[in-house]
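Engineer: Sequence and predicted structure are below.
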2 protein chains.
Amino acid sequence: MEVNKRILIVGAGNMATAIGTALKNCGNPPVAVWSRTEESARMLGTSIGCEWTNSLDALPPADVVIISIVDSALDDVAPLVTRRYPDAVILHTAGSVPMDSLRTAGASLYGVLYPMQTVNKNKVVPLDDVTVFIEGSTPEVTEVIRSISSRISNKVIYATSEQRCSLHVAAVFACNFPNAVYCMAAEILEQFNLPFDSMLPLIEEAARKVHKMPPSQAQTGPAKRGDINIMNMHKSMLTPELAQIYDLLSNYIMKRNK
Amino acid sequence: MEVNKRILIVGAGNMATAIGTALKNCGNPPVAVWSRTEESARMLGTSIGCEWTNSLDALPPADVVIISIVDSALDDVAPLVTRRYPDAVILHTAGSVPMDSLRTAGASLYGVLYPMQTVNKNKVVPLDDVTVFIEGSTPEVTEVIRSISSRISNKVIYATSEQRCSLHVAAVFACNFPNAVYCMAAEILEQFNLPFDSMLPLIEEAARKVHKMPPSQAQTGPAKRGDINIMNMHKSMLTPELAQIYDLLSNYIMKRNK
């Protein structure tokens, strides 16, 4: 039986809420949460059932501090945390911020715990099947992060700062851009007075298929078949902006299915 | 209690299989299936439990003939069907083919039954929650198509040939292009030795969200936030081809979130 670390959560946003809740559910609840905003700290602390405060000085002792705040606030907050907890392992949860930014902020033991999911404070997503990418400043620190991460997720993978950055780019393609093309579909349908929800079975099916085969095998559609007539007909129905996007994405598909 | 129509299925591909199976399950199985290939006809006929043949002359009488074959074969097959069944209602199931192509093929009563789903012969997708778009050459024919469609789906909507064509374009954006951007994510991750399956929770979440809110509200990511620094960093990690796609899709998102 592993001894619980005393974990502190700095931040009360979407990711802080997902991690704090997962830690509570695995039987290692944070000892406290801090947020700049008293109300946010109170909400998360109450929900997890731990101490909460908006004063760094009021925080209890901790072995590990997980800083989970917006990237732009890290430079301000991290130095305050490292000064208050010189002997703790200091972690951040940001995809695009190199681990070494925490050394710059004064940490001596530091690392990253990056759950690969888009999280939402209002609907707490369980992290069990979410891959958590970890990186530590020393092998020992990495083991501490691995031990914590393994309690909240079944999938823990070591990734360098560069790899983590590529994950963040890939996530834009896997999550933000699908939604953008859904928007375009909605725009087309609205123009012809047709309901967007007629697309939902297609959207589900496309998302479901890549659970069973690589996306390169799952591709369908006129570009996959090289059906130039249909593609030209489609483009003739689109605004110049959407026709350009149609072209670029179709070319990508055609090149890979010659 | 409605009297069953004698329905014939011409074709044994993915959509023919989905429709034939749905008709069987709703208690109005086709009287027969025809396919140019004997083996395909036999497989579908056996699976549905109805007559099957690869000879048009051997087909039994029918009230409704549903032609569900690849678009490019319609011009060849439809005239043969209309000659054999001058008094039947002749339907096709193609998104991008105007209804009137069936009049050109010699039909006097004709229309379209277009289930909005990407179907797969090897995994029969139920059509219950799939929107079926219908169009008939006369109000009476439309009612016949509506009556058949309502038995296989809860969502039946009248759509003109032009509207149906726009559905087909929208489906490319809702289904083929999401898969294309999944491919790009896989390409990026492969380059950095990271597993694509770490993206699956994101892909699911993006698909899930648009069941609850319009995609314009569901958008997240750096382009949504207007985070130029992150976007530039991302582009610096991409091939010129992917960087161009990243730019175009990000601009689309930014324009709509000013």
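Structural biologist: Structure's in. What do you need? Numbering: from 1, shown residues only, chains lettered A, B, ... in the order given.
Engineer: Give me the neighbour count for the residue of the stretch 1-150 of chain A found nearest chain B.
Structural biologist: Proximity of the stretch 1-150 of chain A to chain B (CB to the nearest CB) peaks at A:Thr131, 3.8 Å away. For the C-beta atoms, the positions are set from N, CA and C on the backbone; glycine is no exception. Neighbour count of A:Thr131, defined by other CB atoms under 10 Å in any protein chain shown: 24.
Engineer: One more: A:Asn193?
Structural biologist: For A:Asn193, using other CB under 10 Å, the count is 10.
Engineer: try A:Leu202
Structural biologist: Neighbours of A:Leu202 (other CB under 10 Å): 23.
Engineer: same check, this time on A:Asn251
Structural biologist: The local packing of A:Asn251 (other CB under 10 Å) involves 14 other residues.
Engineer: A:Asp63 too?
Structural biologist: 18.
Engineer: Contacts only, for it.
Structural biologist: A:5-7, A:88-89 (CB atoms under 8 Å, 6 or more residues apart in numbering or on different chains).
Engineer: Just put those in JSON lines and tack on distance to chain B and pLDDT.
Structural biologist: Compiled in JSON lines, the contacts of A:Asp63 are given as follows (distance: CB to the nearest CB, whole Å; pLDDT from 0 to 100):
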{"residue": "A:Lys5", "distance to chain B": "25", "pLDDT": "92"}
{"residue": "A:Arg6", "distance to chain B": "29", "pLDDT": "97"}
{"residue": "A:Ile7", "distance to chain B": "23", "pLDDT": "98"}
{"residue": "A:Ala88", "distance to chain B": "28", "pLDDT": "98"}
{"residue": "A:Val89", "distance to chain B": "24", "pLDDT": "98"}
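Engineer: Please list the members of these that lie in helices.
Structural biologist: Using DSSP state H, no member of the contacts of A:Asp63 sits in helices.
Engineer: Nearest residue to the most centrally placed residue in chain A in space, please, no chain neighbours.
Structural biologist: Among the residues of chain A, the one closest to the centroid is A:Gln117, at 3.6 Å (CA atoms, centre = their mean). Nearest residue to A:Gln117, sequence neighbours excluded (CB to CB, 6 or more residues apart in numbering or on different chains): A:Val130, at 4.4 Å.
Engineer: which stretches of the stretch 151-258 of chain A form strands?
Structural biologist: A:155-158 (DSSP state E, counting those that start in this stretch).
Engineer: show me where it has helices.
Structural biologist: For the stretch 151-258 of chain A, the helices defined by DSSP state H, counting those that start in this stretch cover A:161-171, A:177-191, A:200-209, A:215-218, A:222-225, A:228-236, A:240-255.
Engineer: Go through these and name the closest to B:Ala78.
Structural biologist: helix A:228-236 (17.8 Å; CB to CB).
Engineer: Report whether that closest one contacts chain B.
Structural biologist: Yes. Contact between helix A:228-236 and chain B, assessed by CB under 8 Å from any CB of the partner chain, occurs at A:230, A:233-234.
Engineer: for that helix, what is the average pLDDT?
Structural biologist: Helix A:228-236 shows a mean pLDDT of 94.
Engineer: Return the residues in contact with the closest residue to A:Arg36 other than its chain neighbours.
Structural biologist: Distance criterion CB to CB, 6+ apart; nearest residue to A:Arg36, sequence neighbours excluded, is A:Asn54 at 6.1 Å. Neighbour list for A:Asn54: A:34-38, A:41 [criterion: CB under 8 Å, 6+ apart].
Engineer: rerun that using 10 Å as the cut-off
Structural biologist: Contact analysis of A:Asn54 by CB atoms under 10 Å, 6 or more residues apart in numbering or on different chains lists A:12, A:33-42.
Engineer: What is the neighbour count of the residue of the stretch 51-200 of chain A found nearest chain B?
Structural biologist: Nearest to chain B, among the residues of the stretch 51-200 of chain A, is A:Asn176, at 3.3 Å (CB to the nearest CB). Look at A:Asn176: counted by other CB under 10 Å, it has 23 neighbours.
Engineer: got it, and A:Asp76?
Structural biologist: A count of nearby residues for A:Asp76, using other CB under 10 Å, gives 11.
Engineer: And it, how far from A:Ala58?
Structural biologist: Applying CB to CB, to the nearest Å, the value for A:Asp76 to A:Ala58 is 19 Å.
Engineer: A:Cys165 too?
Structural biologist: A:Cys165 is 35 Å from A:Ala58, by CB to CB.
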